[in-house]
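>>> Structural data only, the sequence is not supplied:
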Ligand code: PFF
């Protein structure tokens, strides 16, 4: 670690939980989950997703935090230290850094979309938009690669600034803004139910027809469980590394898992009633956050202000996730190459910004970049492959390779008797086997 840096610690247990919830709750819940669950036919997909969250996600959250707190290093440093320089595990550490860099590159571009919708809602540009033409408006925006470069740049500047200044400010802001976002999501879901009814949404979400699910869908559900809980790339290793020893990792893990899942399901309840109620044509499912809500807000008094507030809060939720994606990259640069944090932040942010620019330009700016379709590729590779594989390896590492004594040191006495034995079985067998079966199934082995 460079000598200009001291390892910071979270201000309190609550501060830590809030920062982790801030990392987990983001575009994955509000933008991505509703559209992939919609694409994959609802109920059956949601069931696989929930199974993955509780059987795989939750045990791995705990594993990542345990490893990070024990090693007090970034993800690469953690693997290096705890494996005593083993080449394979160091490569897994590098895979984590790759995933963080790749995800942040396209995530920041999508986060930029919310800034555009914030601004245009605020100035009233959507006041005459209808469900018939909201798709067109979205299409013309995402077809404009240069505009997206602008918003992506803004977003990366905010992210880098916060990572540089430390986590205190963001902890405070998340503490206030996330509950406000949660309340607003609940309110909007209520408005959608009131305007368009709830029955079709419920039957879609809780209709367990497993014939609707494809091989791709199964892998996507599991991959998304990793994405939404910020797992499989060492983000929770890094956050755990700043965690004082008296804080319960198990309790933090439970809160993160429950709140994250709740927001994702509620986000579906905001959009689906509109889609079903208006029989709107969904050409581009990745657009539903923008095409449904931006119009529904017009039915409310002061709708444009509520809309602006909503998109701003979504941007904020995305920001608390982007900082948690940049942090692993910066702490890797800092701790591996002994580069001061300021310079490390600059290097990491510029690299991510550059890849993000290629992603953004792929959205209609030129044929060359469109053919490259880097954004879709990075999303697909990370969400479906590098996160589940990384997560499975993290589980095996914690379950079999790190000494039992080191792992047990991170649990309290009560947790060691009540929680640890079950967790140990999950992390050694159930979670890795679950991911492996899904991967083999996708590869066509059975
Ligand atoms: N969990 C975030 C979301 O659902 O939007 C995305 C994310 C953040 C993924 C941090 C991975 C990560 F390390």
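Cool, the structure landed. Keep in mind the model is a prediction, meaning the values are calculated, not measured.

>>> Which residue is the nearest non-sequential neighbour of the residue of the chain found nearest the ligand?
Closest to the ligand within the chain is residue 28: 2.1 Å, counting by CB to the nearest ligand atom. Where you see a C-beta, it was placed from the backbone N, CA and C, and this is true even at glycine. For residue 28, ignoring the flanking residues on the chain, the nearest one in space by CB to CB, 6 or more residues apart in numbering is residue 228 at 4.1 Å.

>>> neighbours around the one you found, how many?
Residues contacting residue 228 under the criterion other CB atoms under 10 Å number 27.

>>> Equivalent analysis for residue 102, please.
Neighbour number of residue 102 under other CB under 10 Å is 22.

>>> tell me which element it falls in.
helix 87-122 (DSSP states H and E).

>>> now that helix, how far from the chain's geometric center?
In terms of CA atoms, centre = their mean, to the nearest Å, the centre of helix 87-122 is found 9 Å from the chain centre.

>>> pLDDT of it, averaged?
In this model, helix 87-122 has a mean pLDDT of 97.

>>> Run a quick check on residue 11 versus residue 175, I expect a contact.
No - contact between residue 11 and residue 175 fails when scored by CB atoms under 8 Å: they sit 10.3 Å apart.

>>> Excluding chain neighbours, give the residue nearest to residue 309 in space.
Using CB to CB, 6+ apart, the nearest residue to residue 309 is residue 184, at 6.9 Å.

>>> Give me the residue ranges of the stretch 251-400 of the chain where confidence is low.
Residue ranges of the stretch 251-400 of the chain with pLDDT under 70: none are present.

>>> Check what pLDDT residue 216 gets.
87.

>>> Please apply the same query to residue 170.
69.

>>> Show me what counts as buried in whichever strand or helix holds residue 264.
Using DSSP H and E, residue 264 sits in helix 249-278. Along helix 249-278, these residues count as buried under the neighbour rule (16 or more other CB atoms under 10 Å): 249-250, 252-257, 259-261, 263-278.

>>> Summarise which helices and strands the next helix or strand after it is packed against.
Using DSSP H and E, the helix or strand that follows helix 249-278 in sequence is helix 288-291. In terms of contacts (3 or more CB pairs under 8 Å, 6 or more residues apart in numbering; DSSP states H and E), helix 288-291 is packed against helix 33-39, helix 134-142, helix 249-278.

>>> Give me the contacts around the following helix or strand past the shortest one.
Spelled out, that is helix 33-39. Reading on from helix 33-39 to the C-terminus, the next helix or strand found by DSSP H and E is helix 43-52. Outside helix 43-52, the residues that touch it by CB atoms under 8 Å, 6 or more residues apart in numbering are 33, 36-37, 204-210, 212-213, 217-218, 220-222, 224-225, 261, 265, 434.

>>> ok now helix 43-52, how far from the chain's centre?
On CA atoms, centre = their mean, the centre of helix 43-52 falls 17 Å from that of its chain.

>>> List, one by one, the residues from the stretch 201-350 of the chain near the ligand.
Proximity of the stretch 201-350 of the chain to the ligand, by CB under 6 Å from any ligand atom, involves residues 227, 228, 230, 233, 235, 321, 324, 325.

>>> for the stretch 51-200 of the chain, same thing?
Counting by CB under 6 Å from any ligand atom, the stretch 51-200 of the chain sits next to the ligand at 100, 103.

>>> go again using 8 Å as the cut-off
Near the ligand, the residues belonging to the stretch 51-200 of the chain are 99, 100, 103, 107 when assessed by CB under 8 Å from any ligand atom.

>>> and which of these is nearest residue 19?
residue 100 (16.0 Å; CB to CB).

>>> Number of residues surrounding that closest one?
For residue 100, the count of nearby residues is 30 (other CB under 10 Å).

>>> Not counting sequence-adjacent ones, nearest residue to residue 392?
Nearest non-adjacent residue to residue 392 (CB to CB, 6+ apart): residue 435, at 4.2 Å.

>>> rewinding a little: of the contacts of helix 43-52, buried ones?
33, 36-37, 204-205, 213, 217-218, 220-222, 224-225, 261, 265, 434.

>>> farthest-separated two in those?
Checking the buried ones among the contacts of helix 43-52 with CB to CB, the most distant pair is 204 and 434, at 25.3 Å.

>>> Having no further points to raise, I will conclude here.
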